[in-house]
Structures are given as structure tokens and as C-alpha cells.
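Colleague: Output the structure for:
(chains A, B and C)
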Amino acid sequence: MKNKWLSFYAAAFYAFLYMPLSVMFFFSFNNARRNVLWRGFTFKWYGVLLHDAGLLGALLTSLKIAILSSLLASALGLLASYALVCRPPRFGRAFYSSWLNAPLLVPEIVMGVGLLSFFVRIGVPLNFWTLACAHAMIALPYTIGSIRARLLSLKSSQLEEAAMDLGADQWEAFIRVTLPLAKPAIVSGALLAFTISFEDFVTSFFIAGIGVVTMPIKVYSMMKFGVTPEINALSCCLLLTTLVFLLSARMLRRTPNS
Amino acid sequence: MPGMTRRDFLKIAVLAGAAPSLLAGCAGEGDKHEVNFFNWSTYIAKDTLPRFSLETGIVVNYSVFSDEEEMFAKLRSGALGYDLIVATDYMIPRLKALNLIDPYPTGALKNTGDIDPKFRNTPYDPDNAYTVPYLWGTTGIGFNKKHISKRPTSWWDLWDPKYKGKISMLDNARDCVGIALLMKGCPQTTDSDAAFKAAEQLLISQKPLLKQYSSSTYVDSLINGEVYLAMAWSGDVIQAARENPELDYVIPKEGSYIWVDNMCLVKGSRHRADTLRLVDYLIEGKVAAEIANFVRYGSPNAAAKPYLDKSLLDDPRVFPPPSVLKKLQFYAILPPDLAQTWIDTWSDVKAA
Amino acid sequence: MPPGKDALPPGGRWARISRPVRSKAKKFLAWLFSGKSEKASHLLILPASFWLSFFLVIPIVLLLVLSLAQRGPYGTVIWHPTLDNFRRAFTPLYIPIVARTLLYCGAAAVICLLLGYPTAYFLSFYAGEWRDTFLILLMIPFWTSALVSIYSWIIILGRDGLMNSVLTGIGLLHTPLDVLNTPFSVILGLVYFYLPFMILPLYSSLEKIPKQYMEASYDLGAGAFQTFLKVTLPLSLPGVFAGFILTFVPCLGDFLTAEFLGGPRTYLIGNLIENQFLMAQDWPFGAALTAVLLGAMLVGLYYYQKLEAAEIA
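Modeller: This next block holds a predicted model:
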């Protein structure tokens, strides 16, 4: 009986979770300027998006920053994960664990204003590169989490030891055995980092400066002026992007051990 | 690593971070013909910029802001990127003091003779060096006729408990504190603490009646009935009234303020020549008129007058008659600490 | 074709570097990735550590320093130490804002817990082979931009939004409800956004409970509810605390939800801080407020670290 109630609850819960997003999705096809009453199906708002040069520019900027920051976060995360899994330092293992998770706990507004004051104080112009670096910092816990989990399971299967028994030195074992096997997790972490950077708003809002307009910042500026179906369409595009990257990350995580 | 102090480390790190942008900066002027134009929302006609791009081949990257403080904050953070901004009169001294705008090179513009002399040699730009007027307007009360029993006539109507939860105010210090001082009978140049306290209390007393502070969504709120009365900027409401005739705008009997928005050149702009061409284009009589006709604000451009819609010229909400005009004042240019008091008063109102 | 002068030697570019350097490099890399040296581990973690120090710690430290400075004309900063900003932060004007923030965020965290626990329970014990699917379904809103979440609620809760249209349409309401711009809509927005932050730690903690414990409890004659109360719930407490921290602490700095879903009376610390850095241009005061917020974060980080340490042990 508990099963039935709980299942019903879970169903209702997921319905609640998806209701706003579905509403937004459906109304992006609404043929009405004001968003309420349904007035017919249309793709025109998506068409408007495609022709909005500012929007396409923001999309390109977001993509570039996301790629750069996910590469950075993955590289940093890979090194740190390897160290944490294969030879955790005696002192400060727990410290490193939670220290590297710090960005998860710091409210984004603190990061945003902190970075803003910092960059202004040291005279670094706020631009594309500073934003990418900040995003890499925010995404670090996610790449580390992803890679670390995989490395842990690899460690237990002792494949590196096997490779070394066969004559490879540690570096070769790492490059030829561990790395390829960890690749799905690395890519998965990179995809997560990509998503984080792509959707980041608060930090970007403070330190994007002028020339750098990312997608969420564009949505924010549009939202300041009220509800329009174009924002619906845009939000759905953002959602779709998330979906694609998330599912890819997920599928990579489930690659079986070869 | 021995031998390297923390400061060296930091310097290197900063250089490493700054290097790419330095390299980008070395690309220099003339890499692309474009202008990054930062303007208020709903403040230009649909075809103005596309036609400019077509005629000159210069791409205009147009972005909008909903409140000038946001624009100022962005500029102040030392970021580069905008070439041309539209700033309200009271902001100009601030922008000049913080070295954020450049003067127009003398003789660079061909069309400035067409600006109405009333809008030249202003208190905020006595030498006409830093600004070129773009549009002017007033602050008043926008309302939805369907939901109001009688037309608002006074600023005190925005404090009417009958409309609790259905009132909206503009979200900036200048308009709200300015009107509050006006309602309390204090001159806008006052520096009396008591006056500011009174204004602050007045605004705070209004908060339980307010639905929102908004400088951009209030028109939508008026249209869909979330709000019946709103502190509004003239053209925003009049623009929307074209498609939503139940909207209307009025200047209250106590009077109000006229403000002038100006085009300013941003310091560090990399497309100065193209920007000047854009400004020149925007102050051509026909173009200025097209903009004014579309956004329903007043044009400070004398050359635009022959091309303005008759309906615009005859609209007392856009061009108030002398009886109303004498109750309207331009914003005084305040010394920095007084300007700061306005901002602080407003901050306290928002926080209360 | 015979190899010309500039052709790559066998072994590629790598072979161009002189042999002693190459072997030294390989030795170094081998040592680095050996998994045998602690120093090597520290070195590997160093880049990430440095990154965090540079982009997280130093900015925060700078904020703390900034909070002791004074505001100059037009929003410039005068580096003259003073505690005035902190004194100002604790004046009666701002205390209500702090209290309101704690209240809203606390309420949101508690509601997230109440709503999320049954779902986490379902996911751990009843989802079966559908578990992965459900987890992904949970993740999607988690990864959705906050703006998108907030925006979708504006569409629903607005006066002419979906909720009102439906309810008046079916006759349940005569006049539309003014739900937007109220504390209710703000808390709702916060709950909606932070639910996954609560559920994931809960789920991970519930999942770790060995099924044998529960079976043993049944074997000893306890009913389902008793088992839950005496076995499952206590064992899931680490997850509850972790979830609460991960929800409550980031929530404290939230300003977006209040900005779009709230009204003039739902001003939170996040909005106040944002205001200082954007409108009021009083960075020192904003920094002081941020420092106060950071205090809360540090408390949270401390307890989170203890939980992590306990889990690793």
C-alpha cells in the first residue's frame, strides 16, 4: 500500500516539476503577442529568434566561453582527481575533498561581486577570458566529481598495475591505460562543465562586463521587459541544449568497462 | 617554488590573464566597421538602424537597458565594448567626472546646427562638448481607463488606498525621490536632511500599496490589469496606447520633470569614426522625426519638426501646452554629495 | 622521396628534443603519475588549488578588505579603514531584511525537505529499473537555468497567467488571484529551483543504507512506519543535513527569484547586495553585507566538511 501512495506522490511530484517547463514550451508556439490565451499554433517566435543577430551573437559567445571553461575545468579536474584517487595525501585528504567542493557552497552572488571587485582592483578588463576562467572555477567540483568516481572504480580493477607488470612505466600506464578508460568520465564531466557555463547567470551578470553577452544574460535583459513568446522560445532552446548535453553526459557515464 | 614571492606570482598570473585581451587590443581601429550602441528599450524606430547599415555598410550592434543605473554600473566597472550610449541629463556630470565619456571632436558632426537651441548650452553640458540630445520626455502617471473610476489628476492618486496592490512606481532614485520632494513642496536642489527624511517616509508609506517597482514592465502590467496606475515615462505609455487605447497618460497638477536623453561617446571606443557617422545620421531631420513618431517622445531636433506626425505635435501629452509647461522643470545638476543623498534615500526606501 | 633536411625525424617532433631532456621529462611524468609520492599528489592538485585560490579565495579576501573601506564620490573607493559598514549592516533598517532572508530561505529549505524526502525515498527503494530514468528526469530541471525556471513561473502565476486562466475558466475563481510579487511566489520559486539540490543528497544517503538493516527490522516484527522512523530516517540524517546545507546556504544569496517573482516588500539580502554594487555604487557596504553572508556560508562549509569527512572515513 505504501508503494501505491508513494508512487502516486512521485508521479505528482514529477508533474509539478515539469509543469512550468511544459507550459513554457507549449506557449512558445502560441500565436499571440500576449502570452495567455491560446490563439493558434505557430513557429514564428522561433523564426524571430533565428533572425535576431544579437541573440545569435550571444549564443556564439556562450558556446565559446562554455567550451573554453569546460576544457580548463576538465584539465584541472583530471589532475586533481588522479591525485586524490591514486595517492591521496595523508594530510588534508578531507580538506582537499571539501575545499575543491567549495564553489558548490559559495553563494553565486558572493562569487560574482568578489570577482567583480577583484578584477576591477587588479585592473584586468572584464572580458571573455575572465568569464571563462570564472566558469571553470565554478565547474571544477563537477568535473572532479565525475572523473574521481570513475577513477575509483578503475583503481579497484587494478588495470594500471597490470599494465606496469607488462613493462610499462607509470606515465605510459597512465597515458595508455587509465586515460582512455577514464575518457567517458572525463568527457561526461566536460559536458557537465559545459552546461554549467552555458547556463550560468549570476556570476556572469556581475563580471561579464559590456562586450560579453551570454545567452542567460540576453534572456535576463529580455525578461526585464516583460513576458513575450520569444523568451519562451529562447528558454526552450536553452532547455533543449541542456537536455542534449545532459543526456550525452549520462550516456557516456554508462559506457561499460571494456 | 623558491625565490618567487607571492607578488611576482600574482603579477605573472595577471599578465597571463591580461595578455589575450592586450593582443586583442592590438588589432586596432578599423578591424571591422561596426558600432556598439547601448540605448533605452523601445527608444528607436524599427527601420532606423537597418537602413543606416544598408546605406553605410556599418553594422550596428544594438543593445538595450531598462534602467540607467544598470548602464552606469556596467560602464563604471571598466569594461570595454560600447561605442555609443544614450544617457539621461543628470547622469552626464557623473559620467564626465569618472572619465567615462569623450567629448565630440569639434566639427565632427555635420548636423548639430539642427538641434533646437533650447536644448543646447544646458547646465549639464554648457559647452555642448559631450552630448548630442536624442529625445526628451516627461514623467507622469500612466493608467488603464478600464479599471479607474476617475482620471488621476494628482501625484497623491498613486497613494490612494483604493488601488492597493495595483500601483507601480518607476525603479530609480531620480524619478521617485524627485517626485517625493515635489509632493512635499521642497525644491529639488534642497540639501536639508529633514526634506530627504520626509521624502523617504512618503515613499516608504506607499510601499504597502505597491505591486512593483518597475521601469520596464509597467506598461505590460497596465495592459493586462495587474496594475491600474503607474508612475510612467510619457512615450512608453503613449506608444503602447496605439494598440491598447484603454491606456492613457497624464501629467499631474503638482507638476513634474522634463528629462533629456543624450547620445554620448564612450571613452576607449574602438569605432569612433563609425560612431560619429551614426550620430550624424540619427540627428538628420527626417531620421530624428521617424524615431520620434515611432516612440512618441519629443524630439529636440528643430530640423525634424516638418516631418513630425501632426498627431504627435497636437498631442498635449507629448508636447504639453504652456499652462502645463510652466509646471515642468528640468532636473537640476546636483553636486556629487547631494546626488549621493538622493541615491542613499532611494536605497533606504527599497530596503525598508 | 628521400627525407629532406626539414623532415621530421623518426619519432616525430618529440624526437627533436634532445635525449637527456626527454628522459628527464619522462622520469618526471612517471614520478608525477606514479601514485607513490605524496609530493606528486600535492603537485597534481596544485593547479586546481591555485585556480580556486585565485578565482575564489583571493576575491573573497578582497571583499573582506573592501568591506573596511569607505565609499567616495560617484561610487569610487577610499581605502581608509573603518568598521562603519559593519555597524551599518546591523542597524534596524537592515535587520528586517536579514530576518526575512533567513525566514524565506529556511522555509524554502524545509519545504524542499518535506517535498523531496518522499521522492528520494521512492527513488531509492521503489524505482527499480526505472531509477536512472527518474534521476535524469530530476536532473533536467536541476540543470535548467534559474532564469528559465523563474520565467516559467511568471507565465503561470501572472494575473493573466495560466493558473488564473484555468481557475477562472473552470469557475473556481471569480476574479484572478494576485499571486505574483508576493512572498508566496518568491518561496515557491526558491523551492522549485532548489528541490533537486535537496533530493540528490537525500537519495545518495538513502541509497547507502544497507537493505539488510531494514529487513532485519521487519524480521524483528516492526511495521513499515516503525522501520522508517527507527531505522531509515536516522540513517538518512547525514543526507538530510547535507541537503539542507546545500539548499539553505546558496539560497541565502539568491536575488533573482525575489527580483522577478517578488515585490517591494520581498527585499532580500541578495537584492540588497546587488543594489550596492549596481545602483547605489557603494561597494564597501556591499562587501560588508557579503562578508556577513559569507559568515553563514563558512558555517555551512564547516558542517558540510565534517559530513564529508565522516563519509570518507
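Colleague: Point out where the stretch 1-150 of chain B drops to low pLDDT.
Modeller: Applying pLDDT under 70 to the stretch 1-150 of chain B picks out residues B:1-31, B:78-80, B:113.
Colleague: Show me the helices in it, by range?
Modeller: B:6-25, B:48-56, B:68-76, B:92-97 (DSSP state H, counting those that start in this stretch).
Colleague: Does at least one residue of the last one sit close to chain C?
Modeller: Yes: legend: contact between helix B:92-97 and chain C by Cβ under 8 Å from any Cβ of the partner chain is shown at B:Arg94, B:Ala97. In short, each C-beta sits where N, CA and C put it, glycine included.
Colleague: If I look at C:Gly12, what pLDDT would I see?
Modeller: Per-residue confidence (pLDDT) for C:Gly12: 65.
Colleague: Also the one 10 residues further on?
Modeller: Per-residue confidence (pLDDT) for C:Arg22: 81.
Colleague: mind listing what's buried in the host helix or strand of it?
Modeller: Here C:Arg22 sits within helix C:19-32, counting by DSSP states H and E. If you call a residue buried by 16 or more other Cβ atoms under 10 Å in any protein chain shown, then helix C:19-32 has these buried ones: C:Leu29, C:Ala30, C:Trp31, C:Leu32.
Colleague: go on, stretch B:44-56?
Modeller: B:Ile44, B:Ala45, B:Thr48, B:Leu49, B:Phe52, B:Ser53.
Colleague: can you list contacts of that stretch?
Modeller: Identification of contacts with stretch B:44-56 by Cβ atoms under 8 Å, 6 or more residues apart in numbering or on different chains yields B:33, B:37, B:58-60, B:62, B:277-278, B:281-282, B:287, B:290-291, B:293-295.
Colleague: what helices or strands is the longest helix along chain C leaning on?
Modeller: Secondary structure of chain C per DSSP state H: the longest helix is helix C:283-312. When contacts are defined as 3 or more Cβ pairs under 8 Å, 6 or more residues apart in numbering or on different chains; DSSP states H and E, helix C:283-312 packs onto helix A:93-99, helix A:102-105, helix A:108-122, helix C:58-66, strand C:70-71, helix C:84-89, helix C:233-252, helix C:269-278.
Colleague: Dump those to CSV, plus mean pLDDT, distance to B:Ile333 and mean neighbour count.
Modeller: Formatted as CSV, the helices and strands packed on helix C:283-312 follow (pLDDT from 0 to 100; distance: least, Cβ to Cβ, whole Å; neighbours: other Cβ atoms under 10 Å in any protein chain shown):
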stretch, mean pLDDT, distance to B:Ile333, mean neighbour count
helix A:93-99, 77, 51, 17
helix A:102-105, 82, 45, 19
helix A:108-122, 88, 27, 25
helix C:58-66, 91, 30, 21
strand C:70-71, 86, 21, 18
helix C:84-89, 86, 28, 16
helix C:233-252, 87, 40, 21
helix C:269-278, 89, 23, 24
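Colleague: ok so, going back, same list (the buried residues of helix C:19-32) but as TSV, adding distance to A:Met164.
Modeller: What follows is these, written out as TSV (distance: Cβ to Cβ, whole Å):
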residue	distance to A:Met164
C:Leu29	14
C:Ala30	10
C:Trp31	14
C:Leu32	15
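Colleague: any chance of those residues in a markdown table, with distance to chain B too?
Modeller: A markdown table is the format used below for the buried residues of helix C:19-32 (distance: Cβ to the nearest Cβ, whole Å):
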| residue | distance to chain B |
| --- | --- |
| C:Leu29 | 18 |
| C:Ala30 | 21 |
| C:Trp31 | 17 |
| C:Leu32 | 16 |
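Colleague: filter the residues you listed by proximity to chain A?
Modeller: Near chain A, by the rule Cβ under 8 Å from any Cβ, you find C:Leu29, C:Ala30, C:Trp31, C:Leu32 out of the buried residues of helix C:19-32.
Colleague: for those residues, which one is nearest B:Val266?
Modeller: C:Leu32 (48.4 Å; Cβ to Cβ).
Colleague: quick one, phi psi at B:His271?
Modeller: phi -130, psi 50 (degrees, to the nearest 10).
Colleague: ok, now which ones touch it?
Modeller: Counted by Cβ under 8 Å, 6+ apart, B:His271 has contacts B:Glu29, B:Lys32, B:His33, B:Glu34, B:Val35, B:Asn36, B:Asp83.
Colleague: Of those residues, which pair is most distant in space?
Modeller: B:Glu29 and B:Asn36 (13.9 Å).
Colleague: and the closest residue in space to B:Asp116 that isn't next to it in sequence, how far is that from B:Ala288?
Modeller: Distance criterion Cβ to Cβ, 6 or more residues apart in numbering or on different chains; nearest residue to B:Asp116, sequence neighbours excluded, is B:Ala302 at 4.5 Å. For B:Ala302, the distance to B:Ala288 equals 9 Å [Cβ to Cβ, to the nearest Å].
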